[in-house]
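this one's sequence-less:
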């Protein structure tokens, strides 16, 4: 849990809230925030506080890994194909989907709502983000770079 608190302090010093106008940068801060929450949740689970261990693990896997991976994938795909480093509205939708999917997966079991419904919605959001990435960015990645 100490690592989670230190990570939150470190993240707050980066002033990520000023990046809200550029989702391509904001998502990296959000992904790092998920990491801080994952460390706190995992530590809490070990101590018997908060989330159960499997749900705490999903803070790390669906939240931190999912958000950070898509953030890096979109940024690298734009940069390496000679496109401007700017997230359009569809890229922002990718980020929203992965984060909503992660939130539903982590918090779904504690809401009291039907588990299958919550897990299905979480899977649809999270997987939908990756499908949307493939649809939007796939054509960029199979063609020559714009700067070639």
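Thanks, I have it. Treat the numbers as computed from the prediction; the structure is a model and nothing was measured.

just the buried positions in the longest helix belonging to the chain, please.
Counting by DSSP state H, the longest helix found in the chain is helix 115-142. By 16 or more other CB atoms under 10 Å, the buried positions in helix 115-142 come out as 118, 121, 122, 125, 126, 128, 129, 130, 132, 133, 136, 137. For the C-beta atoms, the positions are set from N, CA and C on the backbone; glycine is no exception.

a markdown table for these, including pLDDT and distance to residue 84?
Listed next are these as a markdown table, based on pLDDT from 0 to 100; distance: CB to CB, whole Å:
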| residue | pLDDT | distance to residue 84 |
| --- | --- | --- |
| 118 | 92 | 38 |
| 121 | 95 | 33 |
| 122 | 96 | 32 |
| 125 | 97 | 27 |
| 126 | 95 | 27 |
| 128 | 97 | 25 |
| 129 | 98 | 21 |
| 130 | 97 | 23 |
| 132 | 98 | 19 |
| 133 | 98 | 18 |
| 136 | 97 | 15 |
| 137 | 98 | 14 |
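
okay if I get those residues as CSV plus distance to residue 68?
Output for the buried residues of helix 115-142, formatted as CSV (distance: CB to CB, whole Å):
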residue, distance to residue 68
118, 23
121, 22
122, 18
125, 16
126, 13
128, 18
129, 12
130, 13
132, 17
133, 13
136, 18
137, 16
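
and of those, the nearest to residue 7?
residue 126 (22.5 Å; CB to CB).

how far away is the closest one from residue 1?
Distance, residue 126 to residue 1, by CB to CB, to the nearest Å: 26 Å.

same deal with residue 82?
Taken as CB to CB, the span from residue 82 to residue 1 is 44 Å.

what residue is smack in the middle of this protein?
residue 67 (1.7 Å; CA atoms, centre = their mean).

please look at that one and residue 96 and confirm they touch.
No. Taking contacts as CB atoms under 8 Å, residue 67 lies outside contact range of residue 96: 10.5 Å.

and which of the buried residues of helix 115-142 is nearest residue 60?
Comparing these against residue 60 with CB to CB places residue 126 closest, at 13.6 Å.

can you pull the contacts of the residue lying closest to that closest one once chain neighbours are set aside?
Spatial nearest neighbour of residue 126, chain neighbours left out: residue 101 (3.0 Å); criterion: CB to CB, 6 or more residues apart in numbering. Residue 101 sits next to 62, 66, 121, 122, 123, 124, 125, 126, 127, 128, 129 when contact means CB atoms under 8 Å, 6 or more residues apart in numbering.
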